[in-house]
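Trainee: Next come a sequence and a model predicted from it.
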Amino acid sequence: MNRKQHRAEARQRARTLRLGATPTQQIFAAALRHHQAGRLNEAERLCRQVLALESGHADSMFLLGVMAGQLGRHDQAIDMIGKAIALDASVAAFHYNLATALQQQGRLAEAIACHRKAIELQPDFPEAHSNLGVALMEQGRLDEAVACQRAATELRPDFPEAHNNLGAALQKLGRLGEAAACFRRAVALRADFAEAHNNLGSVLEVLRGPDQAVDCYCRAIELRPDYAEAHINLGGALGKAGRLGEAAVCYRRAVELRGDDAQAHGKLATALADLGRLDEALASYDKAIALKADLALVHGQRLHTKMSMCEWQDVDDDINDMTLRIARGENAAPPFSVVTFTDCPELHRGSAEIYVKAACRAVDVLPAIARHPPHEKIRLGYFSADFREHAMSYQMAGLFEQHDRTRFDVFGFSLGPETNGPMYERLAAAFDKFIDVRHRPDRDIALLTRQLEIDIAVDLNGFTRNERINVFSHRAAPLQVNYLGYPGTSGAGFMDYVIADSTLIPEAEQRFYSEKIIYLPHSYQVNDSKRPIADRVFTREELQLPEAGFVYCCFNNNHKIMPAVFDIWMRILRRVEGSVLWLLADNPWAERNLGRAAAARGVAAGRLVFAQRLPLAEHLARQRAADLFIDTLPYNGHGTASGALWAGLPVLTRCGKSFPGRVAASLLKAIDLPELITTTAEEYERRAIELALNPGELTQIRVRLARNRLSTPLFDTELFARHIERGFSRIYQRYHAGLAPDHLHVPAE
């Protein structure tokens, strides 16, 4: 029996004493004592004895109902307490406990009516006010719920449960500061209140970052070692802090405690995937989906894990199922997985909008950003979790250095894990101000950028790993731009622009983007003309490539290899005698599965050669041993494609319908090699074979690539800087002219 029920029972005991100590009432008083002592069987026997003597004894009927509820027999509880009310409808506690039993059964409308009746009969009934608030919150009537919890705390200021419930309602409204104060009050009143410690942690994680939340979750678990939700939350905070192994341990413990908790299995799966334990992750995703088929994000996460392993069984069914779920409005997949597996820009936008709506639902958004006079120099802020040895930084570093400091102040806001090394040092020196904000909560980062009066905030993460979309939902700057990290729309009303080019987003496709588009004149992709290539000359022997024979390669991530593309690759190998396909060695499951898939398509597994990861400069150098890079669809090579071109390796691509499937075409146009762009599967396959069987044509292409490499726009970092700066200047001028964002084309001159 909880404290509320104890108080209700005490009221009944006082009522009994007022009625006089008749033999029947003496038996009932004994039943109450047994009930208080936890001897439910004896209490039930005595209540039934009373009813045998006096069938209309409402208090005994009521106590039998209370005990049925305690034993989980809620239908019986509702029946017995309902009979007690029929005998005597004037007792507030009867209506209150009936409401509690109805809530347990999910019959919220009836429960709300009963709580209101209890309050009508006894206005100073704090438990009834509080539980009414809980029922209203479950119905989504949050403002009413807040009013009820406030009434409960005013009636009894030392009521920790009501303070906790008030905090929960305020948290759902996004009023996180007020919620934190309520949770703090609850634990101050009751230090052993595990739920309130857990709830406080969930708010502090947003307001102050994961480190402070960890302490709250640990305290909740110390008080209640079997508290599965706190273990899940602790795992989430540890994961955000980069402590992935510890996070997995927490999720594993939650699964042990609550094996039927789909969320716990899903969280465990994601942690295992991040640790590279892909087979275990896939099993955990399967368990999560078996328990709750509509669990947020897991269908896309599971599919991404399968594709990373090149585990293609039922993959078409998986993609179709994910597509149907998104079309129904389900938050079934992270946007990044959707753009990887389907070439439908409409679906890309839909998944992004669904994801952002869910991610930003409980955010205490800052007030509208103050408009300040134009600065002498535009204050440009770049935000990324990847200011380190990462593909984004390899491409962007030169741009940061090339920005015109007479017109721009350039800030870097590092959201990522602690790091060091040459690239980190180069980046830190490239910005006018480089600020480490990885431990700051989203809201505080937005407040900081407002204080610095950043004019244009550029999100370089989008929906990639360690994204911080809520920094921008708080409106970090008057103008917010989606660029490079994520190849598609943010689906967010608070992102004003996306940077692209006319190849990536034809004007007829603009409707699939929530942002307005800044069209750059050549390719949208920035490249660093200082990107080093090692002097080392790799031999085919040391790369485990054949001495003779044509070498196709694709160093895109394994999850981009779709079965339909692999079918084409195997037909190409069968047509080009002695050829091999050189791929990235990402994980052992992918290697095994690709080898088996090749054999099933009539190609010896030995004709697939897997390259281990190397530092970028050496990776670029070894690509000179290949003859042709053959691209993937629906997700092209992006940094991998430009890296191959920088190394002098021709890239054959197939142009798709959506942003991620049109990037390589954008690159090839910017380096003036349009003959390497195909538009159908048949043309792609035919060209790959023709180029292998006509070495003269491929040699001419390689000569042109070598000549164009430093004479065309693709690798001209300084030219790119001037173009993107024109775009930034024009959107800044529009803003200060009071004009809304609109599509714009940056001229080439």
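Mentor: Here it is on my side, so go on.
Trainee: per-residue pLDDT, Arg18?
Mentor: According to the prediction, Arg18 has pLDDT 46.
Trainee: Tell me where the stretch 551-700 of the chain has helices.
Mentor: For the stretch 551-700 of the chain, helices defined by DSSP state H, counting those that start in this stretch occupy the ranges 563-575, 588-600, 616-622, 639-646, 663-670, 681-693, 695-708.
Trainee: okay, the angle between the first one and helix 588-600?
Mentor: Per axes from the mean of the first three to the mean of the last three C-alpha atoms, to 10 degrees, the angle that helix 563-575 makes with helix 588-600 is 50 degrees.
Trainee: how about the residue most central in space within the chain, what does it touch?
Mentor: When C-alpha atoms, centre = their mean is applied to the chain, the residue found nearest the centroid is Pro334 (6.2 Å). Counting by C-beta atoms under 8 Å, 6 or more residues apart in numbering, Pro334 makes contact with Leu297, Gly300, Gln301, His304, Tyr355, Phe463. C-beta here means a position set from N, CA and C on the backbone, and glycine is covered the same way.
Trainee: Let me see the confidence value for it.
Mentor: Reading off the model, Pro334 has pLDDT 97.
Trainee: now swap in Pro210 and tell me
Mentor: 88.
Trainee: which ones are touching it?
Mentor: With C-beta under 8 Å, 6+ apart, Pro210 has these contacts: Gly236, Ala237, Leu238, Lys240, Ala241.
Trainee: Following element in sequence after the strand or helix carrying Ile326, please.
Mentor: Ile326 is part of helix 315-327 when elements are defined by DSSP states H and E. Using DSSP H and E, the helix or strand that follows helix 315-327 in sequence is helix 335-341.
Trainee: residues making contact with that next one?
Mentor: Contacts of helix 335-341 (C-beta under 8 Å, 6+ apart): 300-301, 303-304, 307, 319, 322, 326, 347-348, 351-352, 355, 462-464, 486-488, 491, 559-560, 562, 634-635, 658-660.
Trainee: low-confidence ranges in the protein?
Mentor: Counting by pLDDT under 70, the chain shows low-confidence ranges at 1-21, 362-364.
Trainee: According to the record, where do the domains of it fall?
Mentor: Using automatic domain parsing, the domain parsing of the chain gives 3-190, 378-520, 551-715.
Trainee: Against Cys344, how distant is Thr323?
Mentor: Counting by C-beta to C-beta, to the nearest Å, the gap from Thr323 to Cys344 is 8 Å.
Trainee: Excluding covalently adjacent residues, which one is nearest to Thr23?
Mentor: That one is not Thr; residue 23 is Pro. In this structure, Pro23 finds its nearest non-sequential neighbour in Leu53, 7.8 Å apart by C-beta to C-beta, 6 or more residues apart in numbering.
Trainee: ok, the one you found - contacts?
Mentor: The contact partners of Leu53, by C-beta under 8 Å, 6+ apart, come to Pro23, Thr24, Ile27.
Trainee: of the residues you listed, buried ones?
Mentor: Buried members of the contacts of Leu53, counted by 16 or more other C-beta atoms under 10 Å: Thr24, Ile27.
Trainee: so can I have a markdown table of the contacts of Leu53 showing distance to Ser393 and secondary structure?
Mentor: Converted to a markdown table, those look like this (distance: C-beta to C-beta, whole Å; DSSP: H, G, I helix; E, B strand; the rest coil):
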| residue | distance to Ser393 | secondary structure |
| --- | --- | --- |
| Pro23 | 86 | helix |
| Thr24 | 83 | helix |
| Ile27 | 80 | helix |
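Trainee: Of the contacts of Leu53, which is the nearest to Asp192?
Mentor: Nearest to Asp192 among those, counting by C-beta to C-beta, is Ile27 at 36.4 Å.
Trainee: Would you confirm that the closest one contacts Leu51?
Mentor: No. The criterion here is C-beta atoms under 8 Å, and Ile27 misses it with Leu51 at 10.1 Å.
Trainee: ok, back up a step: quickly note the distance from the residue nearest to the centre of the chain to Asn470.
Mentor: Look at Pro334 and Asn470: by C-beta to C-beta, they are 15 Å apart.
Trainee: residues near the nearest residue to Lys292 once chain neighbours are set aside, how many?
Mentor: Leaving aside its sequence neighbours, Lys292 sits nearest to Ala262 (C-beta to C-beta, 6+ apart; 3.5 Å). Using other C-beta atoms under 10 Å, Ala262 has 19 neighbouring residues.
Trainee: Looks like Ala262 contacts Ala296 (just checking).
Mentor: No. Counting by C-beta under 8 Å, Ala262 does not reach Ala296; the two are 9.9 Å apart.
Trainee: returning to that earlier point: and of the contacts of Pro210, the nearest to Ala457?
Mentor: Nearest to Ala457 out of those is Lys240 (C-beta to C-beta; 21.3 Å).
Trainee: contacting residues around the closest one?
Mentor: Glu205, Gly209, Pro210.
Trainee: What separation is there between the last one and Gly239?
Mentor: Read that as Pro210. For Pro210, the distance to Gly239 equals 8 Å [C-beta to C-beta].
Trainee: Over to the first one?
Mentor: When distances are taken as C-beta to C-beta, Glu205 and Gly239 turn out to be 11 Å apart.
Trainee: which SS state does Phe494 fall under?
Mentor: The local conformation at Phe494, judged by DSSP: H, G, I helix; E, B strand; the rest coil, is coil.
Trainee: In this model Phe472 seems to touch it, though I could be wrong.
Mentor: Yes. The pair Phe494 and Phe472 qualifies as a contact (C-beta under 8 Å) at a distance of 5.7 Å.
Trainee: Which one's more surrounded, those two?
Mentor: Taking other C-beta under 10 Å, Phe494 and Phe472 do not tie; Phe472 has more neighbours (28 against 18).
Trainee: mind listing what the more buried one touches?
Mentor: Contacts of Phe472 by C-beta under 8 Å, 6+ apart are Ala446, Ala457, Asp459, Gln480, Ala492, Phe494, Met495.
Trainee: from those, which is closest to Arg707?
Mentor: Closest to Arg707, out of all of the contacts of Phe472 and judged by C-beta to C-beta, is Asp459, at 36.1 Å.
Trainee: Run a quick neighbour tally on that closest one.
Mentor: When counting by other C-beta under 10 Å, one arrives at 28 neighbours for Asp459.
Trainee: phi, psi of it?
Mentor: With angles defined as degrees, to the nearest 10, Asp459 sits at phi -90, psi 110.
Trainee: That one reaches Leu479, doesn't it?
Mentor: No. Counting by C-beta under 8 Å, Asp459 does not reach Leu479; the two are 11.6 Å apart.
Trainee: Now the helix or strand that contains Gln103: buried residues?
Mentor: Per DSSP H and E, Gln103 falls inside helix 92-104. For helix 92-104, burial by neighbour count (16+ other C-beta under 10 Å) applies to Ala92, Ala93, Phe94, His95, Tyr96, Asn97, Leu98, Ala99, Thr100, Ala101, Leu102, Gln103.
Trainee: packing partners for that helix?
Mentor: Applying 3 or more C-beta pairs under 8 Å, 6 or more residues apart in numbering; DSSP states H and E, one finds that helix 92-104 contacts helix 3-19, helix 58-70, helix 74-87, helix 108-121, helix 126-138.
Trainee: and the direction of it versus that of helix 108-121, what angle?
Mentor: Angle of helix 92-104 versus helix 108-121, following the same axes, to 10 degrees, is 160 degrees.
Trainee: Phi and psi next, for Ser414.
Mentor: phi -90, psi 120.
Trainee: do you know how far it is from Ser473?
Mentor: Relative to Ser473, and taking C-beta to C-beta, Ser414 is found at 20 Å.
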